[in-house]
Every structure is written in structure tokens, then in C-alpha cells.
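Colleague: Could you look at this predicted model? Sequence included:
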Amino acid sequence: LLPILIAPDPVLETVSTPVDTVTDEVRQQLDDMLETMYAAPGIGLAAIQVGIPKRMLVIDVARDGEDKQPLYIINPEITWVSDDDQLYEEGCLSLPEHYAEVERPAEVKVSYLDRNGEKQELHAEGLLAVCLQHEMDHLEGILFVDHISALKRNMILRKLLKQKRLATAS
Ligand SMILES: O=C(O)C[C@@H](Cc1ccccc1)[C@H](O)SCc1ccccc1
Ligand SMILES: [Zn+2]
């Protein structure tokens, strides 16, 4: 399992670098990310959240008990967004126990490389669309709290910083 960085952390603000070649090392990193995500538990994880500044992420929105269908997404690019938006109360493994309503396009089309380095196109809606956009924000160093009021964002980051200081002090 890989340690998940907790905000506030300047590393989480990194703009991640594209993956040149999908090597066995990249595939191993994706597998480690997926295992870490399931254990959290979460339904998505971006590489920067475990300190790897590469434009790649894993997602599995299957609920417990359903058969897992992991997505390995490398160098994703949004190619279309719907006109209508949807509101969703988002969380983040890097901001544990904090949630806020975020408005995003209801549907997106994304082109990306899969774990074999093959070009893929995905049309996402519902929770998958929310998660995909949330993870792709991470690749730009953007957290879901960057979409809410500065007041609420600062309150959340101040609380997390206090908890981090307590954790290291104890
Ligand atoms: O930290 C992350 O990026 C993973 C998030 C992804 C996510 C956030 C908001 C909405 C959808 C996905 C974690 O999975 S947060 C835990 C979670 C689990 C189920 C549904 C929503 C959030
Ligand atoms: Zn997140």
C-alpha cells in the first residue's frame, strides 16, 4: 500500500507530467494505486495523491459486492462536455472526512491511453463523470475545495493542518 498525501500539502498542487511510454514500471505503479484505492476505500485515485507526479489515475465505481471493473487512465484529455451540469457532494482521500457540493458538467468524453498504451475514448455520466473530473483536477494540482468558497476552503484546510500537527506532535 502507498501512503496517501493529506492536504494541505504543496505536492498536491503539482501539475503532473505526461507519461511518455507505458512501461512495466508504470503498470506496477497503477496496480499499487488500485490496491491503495480499494483499501482506503475510495472509487478513484490520482498518482499525485501517492506522490507520483505522472498524469495517470485509477477508477472503479463498482459498489461493494458488485464485480470490480477497474479503469486505468493515462494522459487523459477531455474532448467534450455536456451543456447541463450536475451537483454532487464530493469527498477526497487527501481531505479525509470533509465534503462539499461541487457542480460539474453532467457528462464528459475523455480520450486516454489504457494500461497497454492503447488509445481509448470514454463517454462518462453520473458518478463516473464526477469521479473522472475530480481525478483529472488532481493532475492539474486542483482539489475539490478549490471549487467552493475561499471561506469554506480555508476552514477545511485549517482543520486538516491542525490535525496533521497533532498527529506528528503525538
Ligand atoms: O480522493 C480521491 O480523489 C478519490 C475520491 C474520488 C471521488 C470524490 C468525489 C466523488 C466521487 C469520487 C474518493 O473516492 S472519496 C470517497 C468516495 C467514495 C464513494 C463515493 C464518493 C466518494
Ligand atoms: Zn481527490
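Modeller: Received, thanks. Ligands and ions are numbered 1, 2, ... in the order given.
Colleague: So which bits of the protein are right by ligand 1?
Modeller: Within reach of ligand 1 by Cβ under 6 Å from any ligand atom, the chain has these residues: 42-46, 88, 90-94, 130-131, 134-135. No exception for glycine: its C-beta is placed from N, CA and C like everyone else's.
Colleague: quick check, nearest of those to residue 21?
Modeller: Among those, residue 46 lies closest to residue 21 (Cβ to Cβ), at 19.7 Å.
Colleague: ok, the residue of the chain found nearest ligand 1 - contacts?
Modeller: Residue nearest to ligand 1 within the chain (Cβ to the nearest ligand atom): residue 42, separated by 3.1 Å. Contact analysis of residue 42 by Cβ atoms under 8 Å, 6 or more residues apart in numbering lists residue 93.
Colleague: Next, give phi and psi for the closest residue in space to residue 152 that isn't next to it in sequence.
Modeller: In space, and not counting its chain neighbours, residue 152 is closest to residue 100: 6.4 Å by Cβ to Cβ, 6 or more residues apart in numbering. As for residue 100, its main-chain torsions (degrees, to the nearest 10) stand at phi -160, psi 150.
Colleague: how about the helices in this protein?
Modeller: Per DSSP state H, the chain carries helices over the ranges 24-39, 126-139, 150-169.
Colleague: Let me see the mean pLDDT of the last one.
Modeller: Confidence over helix 150-169 (mean pLDDT, whole number) is 95.
Colleague: Likewise for the first one?
Modeller: The average of the pLDDT scores along helix 24-39 is 98.
Colleague: Flag every buried residue along that helix.
Modeller: Buried residues in helix 24-39, defined by neighbour count with 16 or more other Cβ atoms under 10 Å: 26, 29-30, 32-34, 36-38.
Colleague: Which strands and helices lie in contact with that helix?
Modeller: Packing partners of helix 24-39 (3 or more Cβ pairs under 8 Å, 6 or more residues apart in numbering; DSSP states H and E): strand 44-46, strand 56-59, strand 71-81.
Colleague: now the longest one against helix 126-139, angle please.
Modeller: If I follow you right, that is strand 71-81. Put simply, strand 71-81 runs at 100 degrees to helix 126-139, going by axes from the mean of the first three to the mean of the last three Cα atoms, to 10 degrees.
Colleague: mind saving the C-alpha coords of strand 71-81 as CSV?
Modeller: Output in CSV follows, covering the C-alpha atoms of strand 71-81 (Å, rounded to 0.1, in the frame of the first residue of the first chain):
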residue,chain,number,x,y,z
LEU,A,71,-10.2,1.7,-15.2
TYR,A,72,-6.5,2.5,-15.7
ILE,A,73,-6.4,6.0,-17.3
ILE,A,74,-3.1,7.6,-18.6
ASN,A,75,-2.7,11.1,-20.1
PRO,A,76,-6.5,11.8,-20.1
GLU,A,77,-7.9,14.7,-22.2
ILE,A,78,-11.4,15.9,-22.1
THR,A,79,-12.7,16.1,-25.7
TRP,A,80,-16.4,17.1,-25.0
VAL,A,81,-18.6,18.2,-22.1
